[in-house]
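> Got a sequence here, can you build the structure:
(chains A and B)
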Amino acid sequence: MTLKDIAFLNLRRRKAKSAFLLAGLLIGVTTVVALMSLVGAMTNDINDKLERFGANILVVPKTENLSLTYGGLSLGGVSFEMEEINQSDLIKVGSIRNAANVAAMGPVVLGIIEVSDSKVLMAGVDFTASKILKPWWRTNGRQPKVDEVLLGSEAANKLGLGIGESLFSNGRVLKVSGINESTGSQDDQLVFAQLATAQTMLGKEGKVSMVEIAALCKDCPIEEMVRQISGAIPGAKVMGIQQVVKSRMETLSHFQKLSFGVSAVVILVGSLVVLVTMMGSVRERTREIGIFRAIGYRRGHIVRIVLLEAGIISALAGILGYLTGTGATKLFIPLFTDSAHVQVPFDPVMAGAALVLSILLGLLASIYPALLAANMDPNEALRSL
Amino acid sequence: MSYIIAEDLVKHYGAGDVTVPAVRSISFEVQEGEFVAIMGESGSGKSTLLSMMGALNTPTSGTLITDDIDIYTLTQNQRADFRREFLGFIFQSFQLVTYLTLAENVMLPLVTVNARKREKQEMAHEALARVGLEGLEKRLPNQISGGEQERVAIARAIVNEPPILLADEPTGNLDSKTSADVMGFLYKLNAEGMTIVMVTHSYEAARNARRILQISDGLLTDEEIIHHDAPSAESSDASPAVDNA
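Reported below is the predicted structural model:
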């Protein structure tokens, strides 16, 4: 038999007390895990939504007096007469430190074409990137191939064109492969073609007018990425959509602060439960501790018995607390978000943190009772006979 | 030289002006292998004296030397080691740990000893067998009689084979038949060489010792030598025949 066996046997025999101690710690750890995983799940959800929102970094040529409103957000400017960005420079974006955080990069070349005596704005885009950058697009028909175009809803109306019909411009015949449903944005007025097609038609081979980048994901330091891209393409002006980022950060920050506050209170209450329960347990076992001391147990042995008991219960509470905490998050996450597919995956870091937190909490709250037990006068056991 | 030397032991409880003298001034010696009974009325100071002998209760003044070790010059940890190495305790009311089986209770003094688990288990089983409780190892204290609990307490006290056994009213809660059995066992242990110091109210129990120290009001008032006839092989577990000196 060892000190560990004594601790185990005591916990096993005093089931009610052990259960109370476990419950005190379990509630604390569960609450902390639930709040933290809720924050994590909401962060992922918001990031997911923001990613679906589209681009959040714009790269435009450096200019002095241009401005453009984009989606109601102030984004800087684009001029059709200004210098363009060299498409070959965009490769450098792939070499920035946070390149892995770039979800999609969509170069856009803009220019005016004439269609049936009307001037129309043509945008050459990368349609593969557009799926991520313009997730709100609903296209009737299909995306254009070479010598094909996709029309914004308003452009289709004004030009009086439907799917399968053709338009003539700059001496080329372009077939309408699809028409976007109304988006309520400037995209409705544009004629979209493949980047290479548009570059050729506009006489801007190897040039792009702007680049849209989607870099919204967890841990994306947007400001830092803006700085890195600026360094990579010195001839371009790089802007983050600050409003979106700040809004996201503020929302999460408020919730996180609330979570930390609630966690701190719960941890404090949990610690007090452990302290009071262990104090009660030690006082209840005065005689037993006196006997241990009388038959040759050192003070350190008594401390180890008490701390072992607290450690065993704390470890159990840590494991169960993580499981019940994540379970509670899965249960209650629908109350905090309208997304049906929010994931609360197994997080080994949080599981480890819950275990460490629980053990630390249990041990710290048990130090005083352990010392109280160790310093108990062994003679009390004999005098009480 | 004597094995245990108590010299002018004084113990006062309380502090300042409000102190209660439990032991006023007691000096005595115990030889190695001796069986000494300490008798006295309630509150006479006999249990305090025993606890001081057990390195559990620091005297207000005086010295206690056991096996040439001045016990109260030792640190707390050294005293704990001393108790583990030199002393076996039999407490009044058995004082078994309720959530441990009989074998586990007996193993308690071995927990802090550096030995293999199997070795400790064998020692516990052997000790239980010595007190006639083989086969009851897995029972809990509340599943056996008072007499059996006293035997478990004795087994726990002797499991690590200490040279000294301190017993505080070992028959205080037992009927006369069971008391006789217990005293017979202590007599046998003493006959095997163990030094025993026993506190008791019972003169019947005290007569099993070789010497009786009478304590009254914290002072040693009388000393009686008991002459025993050697017990026969058949009656080795029973109390011996006694001639008072």
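> what's the closest non-adjacent residue to residue A:320?
Nearest non-adjacent residue to residue A:320, counting by C-beta to C-beta, 6 or more residues apart in numbering or on different chains: residue A:26, 5.7 Å away. The C-beta positions use only the backbone N, C-alpha and C, and glycine is treated the same way.
> quick one: which helix or strand includes the residue nearest the centre of chain B?
Taking C-alpha atoms, centre = their mean as the criterion, residue B:166 is the residue nearest the geometric centre of chain B, at 1.8 Å. Element membership for residue B:166 (DSSP states H and E) is strand B:164-168.
> ok, then the element right after that strand?
Past strand B:164-168, the next helix or strand by DSSP H and E is helix B:176-191.
> What strands flank the helix or strand that that following helix is followed by, and is each parallel or antiparallel?
Downstream of helix B:176-191, the first helix or strand assigned by DSSP H and E is strand B:195-200. Within its sheet, strand B:195-200 is paired with strand B:35-40 (parallel), strand B:164-168 (parallel), according to DSSP bridges.
> Taking helix B:176-191 as reference, get the angle to strand B:195-200.
Strand B:195-200 and helix B:176-191 are oriented at 150 degrees to each other (axes from the mean of the first three to the mean of the last three C-alpha atoms, to 10 degrees).
> re the thing from before, residues making contact with the strand holding residue B:166?
For strand B:164-168, the surrounding residues in contact (C-beta atoms under 8 Å, 6 or more residues apart in numbering or on different chains) are A:382, A:385, B:3-4, B:47, B:50, B:53-54, B:66, B:86-92, B:157-158, B:186, B:189, B:194-200.
> Mean confidence (pLDDT) on it, please.
Strand B:164-168 carries an average pLDDT of 92.
> Okay, buried residues for that strand please.
Applying a neighbour-count criterion of 16 or more other C-beta atoms under 10 Å in any protein chain shown, one finds B:164-168 buried in strand B:164-168.
> tell me which parts of chain B are close to chain A?
When proximity is defined as C-beta under 8 Å from any C-beta of the partner chain, chain B approaches chain A at B:47, B:50-51, B:54, B:56-57, B:76-77, B:80-81, B:83-85, B:87, B:89, B:91-93, B:95, B:97-100, B:104, B:107-112, B:117, B:120, B:156, B:168-169.
> Quick one, which of those residues are buried?
Here, 16+ other C-beta under 10 Å leaves B:47, B:50-51, B:54, B:56-57, B:80-81, B:83-84, B:87, B:89, B:91-93, B:95, B:97, B:99-100, B:104, B:107-112, B:120, B:156, B:168-169 buried among the residues of chain B next to chain A.
> now whatever residue of chain A ends up closest to chain B, what's its secondary structure?
Across chain A, no residue is closer to chain B than residue A:296, which sits at 2.5 Å (C-beta to the nearest C-beta). Three-state assignment for residue A:296 (DSSP: H, G, I helix; E, B strand; the rest coil): coil.
> can you give me the strands in the chain?
By default, I'm working from chain A. Using DSSP state E, the strands of chain A run over A:57-61, A:69-70, A:73-74, A:85-86, A:104-115, A:118-125, A:139-141, A:148-151, A:166-169, A:172-180, A:191-194, A:207-208, A:210-214, A:236-240.
> look at chain B instead
With DSSP E, the ranges of strands along chain B come out as B:4-15, B:18-30, B:35-40, B:61-66, B:69-70, B:87-90, B:164-168, B:195-200, B:211-216, B:219-228, B:242-244.
> ok, back up a step: for the buried residues of strand B:164-168, please prepare JSON lines with the additional fields distance to residue A:363.
Shown next, in JSON lines, are the buried residues of strand B:164-168 (distance: C-beta to C-beta, whole Å):
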{"residue": "B:164", "distance to residue A:363": "38"}
{"residue": "B:165", "distance to residue A:363": "38"}
{"residue": "B:166", "distance to residue A:363": "36"}
{"residue": "B:167", "distance to residue A:363": "39"}
{"residue": "B:168", "distance to residue A:363": "36"}
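> From those, pick the one nearest chain A.
For the buried residues of strand B:164-168, the nearest to chain A is residue B:168 (6.2 Å; C-beta to the nearest C-beta).
> And the closest one, how close does it get to residue A:376?
Using C-beta to C-beta, to the nearest Å, residue B:168 is found at 19 Å from residue A:376.
> And for residue A:30?
Computed as C-beta to C-beta, the residue A:30 to residue A:376 distance reads 34 Å.
> of those two, who's got more company?
Taking neighbours as other C-beta atoms under 10 Å in any protein chain shown, residue A:30 and residue A:376 compare with residue A:30 leading, 24 against 21.
> That one: what's it in contact with?
A:320-321, A:324-325, A:328.
> Identify the bridge partners of the residue nearest to the centre of chain B.
In this entry, residue B:166 is beta-bridged to residue B:89, residue B:197, by DSSP bridges.
> Contact partners for residue A:114?
Residue A:114 makes contacts with A:120, A:169-170, as judged by C-beta under 8 Å, 6+ apart.
> Then residue A:104?
Contacts of residue A:104 were listed using C-beta under 8 Å, 6+ apart, and they are A:55, A:129, A:131-133, A:213-214.
> switch to 6 Å and redo it
A:129, A:132-133, A:214 (C-beta atoms under 6 Å, 6 or more residues apart in numbering or on different chains).
> Could I get those residues in CSV, plus columns for pLDDT?
Shown next, in CSV, are the contacts of residue A:104 (pLDDT from 0 to 100):
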residue, pLDDT
A:129, 88
A:132, 82
A:133, 83
A:214, 83
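> What about those residues, which are in helices?
Among the contacts of residue A:104, the ones falling in helices (DSSP state H) are A:129, A:132-133.
> Who wins on neighbours among these?
Busiest of the ones in helices among the contacts of residue A:104 [other C-beta under 10 Å] is residue A:133, holding 23 neighbours.
> correct me, but that residue touches residue A:211?
No: counting by C-beta atoms under 6 Å, residue A:133 does not reach residue A:211; the two are 10.1 Å apart.
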